[in-house]
Every structure is written in C-alpha cells, then in structure tokens.
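Colleague: model this:
(chains A, B, C and D)
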2 protein chains.
Amino acid sequence: MSNSKLYKGSLNTIILKLLNEHDKMYGYEITQKVKALTKGELNITEGALYPALHKLEAEGLLDVEVAKVDNRLRKYYKLTETGTKETVSKLQELAEYIKTMQALVNPKLA
Amino acid sequence: MSNSKLYKGSLNTIILKLLNEHDKMYGYEITQKVKALTKGELNITEGALYPALHKLEAEGLLDVEVAKVDNRLRKYYKLTETGTKETVSKLQELAEYIKTMQALVNPKLA
DNA sequence: ATATATACATAATTTTCTTATGTATAAGAA
DNA sequence: TTCTTATACATAAGAAAATTATGTATATAT
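Modeller: Model prediction:
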C-alpha cells in the first residue's frame, strides 16, 4: 500500500469516501483513482482492496451490481444508506485522529 | 489503544516523538503522558507498548537503563543516534500521511 | 508474438494490535 | 487491617488488516 505503516486502518475510510463522492465505482477504478489523487504516493494493493470490498458489502455498507464492459467483468459498488452514515462517522474519526496526533507530535500548537 | 482503527501503525511514531522531547522515559510514564496529552482520547495498552519498546530496542533505536525507585523497577528508555534519525523520518512520514489523506478526503483543498 | 493494462479473486504469511493473564510493590480508603 | 487502586513490569492467545504471491481471463499496444 505504501512505505509508511500509517495507512494501516485507513483503507475503509478511503473506499467509503471515494464512493461517497463518485456514486458508483468498481475495484480497479478505485485503485487508479487513489493513485491519481495521491500522485502515485498511495497504491492500493488488490490483496487488500478486494477482501475489504467484500467485507463492507457483507456488513451492509455497500451494494454491488455486476456489469460487463468490453467483454470484461466489472463489479460496481455503491453506498447503502447505512454506508453513507458510516462514511460520515469514519471521516469524523479521521479528523479526530489527525487532531490527536498533532497534539502528540506538535504539542505547542495544540 | 482507541476506538478508531486509524491508530494502527502510529505507536512507534508516538513513542519515538515522546522520547525525542523528554530525553528518557519509562513505559508506564509513556502511557500516562499520552493519556494526558490527548485528554484521555488515547490510551496505550501495556500489551501493545511493552513489545513495541522491546522491538525498538532490538532494532537499535532505543537504549535501556534499569533503575529502582521506591523499591519498584523502572526501565528508562532513550533514543540512540539511529533512533533520533528514525524519529525525524517517522515524523516526516506522519506529515506526509496527513497531507495525502487530506488530498483524498478533501480534494478541493489539495 | 509479447508485454502491459484491465479486472476480478484467494491463500499463506506477517505485522500490529486487543484481551487476558501474571508478578510484585506502594498508597489510600473502608 | 483488609481491600482497592495505582505503579511497573511482562507475555501469550487471538483478531484484524495488511503484504506478498498466485491464479484466471480479456484487451490493447509494441
């Protein structure tokens, strides 16, 4: 995923936020979008992404819709209502995390 | 450690940064300092902290010095030269991580 | 023809954490 | 004086989330 271990635990937040912005996306598209938005800094591996998508679906946060484009399979994911709520919560957690880490690392500014 | 999974991977960064500021600290002191600095938001568990300290020591980033205070054992840790360099690197990674996540989560501001 | 890109998937392993214990001393409350 | 809480270390079992290594298959570019 990256040279930094800090990304551990943030994959779900990333997926949910992207789906919140783009209505529906398929797995490969997510990897490319992340690469583009981060200018190559962050590369989601397939071994991490696909199990994560399956889990989010199993938890009822995502709906799937299979499509065939150019004779190739695509599985489009979109947020359920629960998924949308969870996205808000995950983004709050991220903001809180950043605030807390800044308090630890830069206590003068906290 | 916390309700949010985002802290996964940030324990080493926290330990190194605290030792960079306080010269020498012992394990229990680190847990209390983190609790205080984060106003109770973040509680480092012993099961995470002690193995992490042992690993950082084994990697040559920390030196240990055992002391007896009030008839109780304390193990003071301090940064080695390598550890100081690694601290700088970890803090850069954290800054980079925050920047990248903000680019993903708030692309308008990036 | 061959390599790269697209598009999915899973299995084995590793890393990092939680949860549950365990030992021991000191201090404060009932 | 007994019991709880705080101080101070430690490790082991298990869970969670990733990496790394494969595997299948089609499309496109060299």
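Colleague: and stretch A:86-102, does that touch chain B?
Modeller: Yes. Applying CB under 8 Å from any CB of the partner chain, one finds stretch A:86-102 in contact with chain B at A:91, A:93-94, A:96-98, A:100-102. Every residue, glycine included, has its C-beta placed from N, CA and C.
Colleague: buried ones in that stretch, by neighbour count?
Modeller: Neighbour-count burial for stretch A:86-102 flags A:86-87, A:90-91, A:93-94, A:97-98, A:100-101 (criterion: 16 or more other CB atoms under 10 Å in any protein chain shown).
Colleague: now these as a markdown table including secondary structure and distance to residue A:8?
Modeller: Putting the buried residues of stretch A:86-102 into a markdown table (DSSP: H, G, I helix; E, B strand; the rest coil; distance: CB to CB, whole Å) gives the following:
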| residue | secondary structure | distance to residue A:8 |
| --- | --- | --- |
| A:86 | helix | 19 |
| A:87 | helix | 20 |
| A:90 | helix | 15 |
| A:91 | helix | 18 |
| A:93 | helix | 14 |
| A:94 | helix | 14 |
| A:97 | helix | 12 |
| A:98 | helix | 16 |
| A:100 | helix | 16 |
| A:101 | helix | 14 |
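Colleague: run through those residues and flag the ones next to DNA strand D.
Modeller: The subset of the buried residues of stretch A:86-102 within reach of DNA strand D, by CB under 7 Å from any atom of the strand, is empty.
Colleague: max pairwise distance over those: which two?
Modeller: By the measure CB to CB, A:86 and A:101 form the most distant pair in the buried residues of stretch A:86-102, at 22.1 Å.
Colleague: now do the same for the residue nearest to the spatial centre of chain A: its pLDDT.
Modeller: Chain A has residue A:15 as the residue nearest its centroid, 1.8 Å off, counting by CA atoms, centre = their mean. The confidence metric pLDDT takes the value 98 at residue A:15.
Colleague: for it, helix, strand, or coil?
Modeller: State at residue A:15, reduced to three classes by DSSP: H, G, I helix; E, B strand; the rest coil: helix.
Colleague: contact partners for it?
Modeller: Counting by CB atoms under 8 Å, 6 or more residues apart in numbering or on different chains, residue A:15 touches A:30, A:49, A:52-53, A:56.
Colleague: including neighbour count and pLDDT, could the residues you listed go into a markdown table?
Modeller: Shown next, in a markdown table, are these (neighbours: other CB atoms under 10 Å in any protein chain shown; pLDDT from 0 to 100):
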| residue | neighbour count | pLDDT |
| --- | --- | --- |
| A:30 | 20 | 98 |
| A:49 | 19 | 98 |
| A:52 | 18 | 98 |
| A:53 | 23 | 98 |
| A:56 | 22 | 98 |
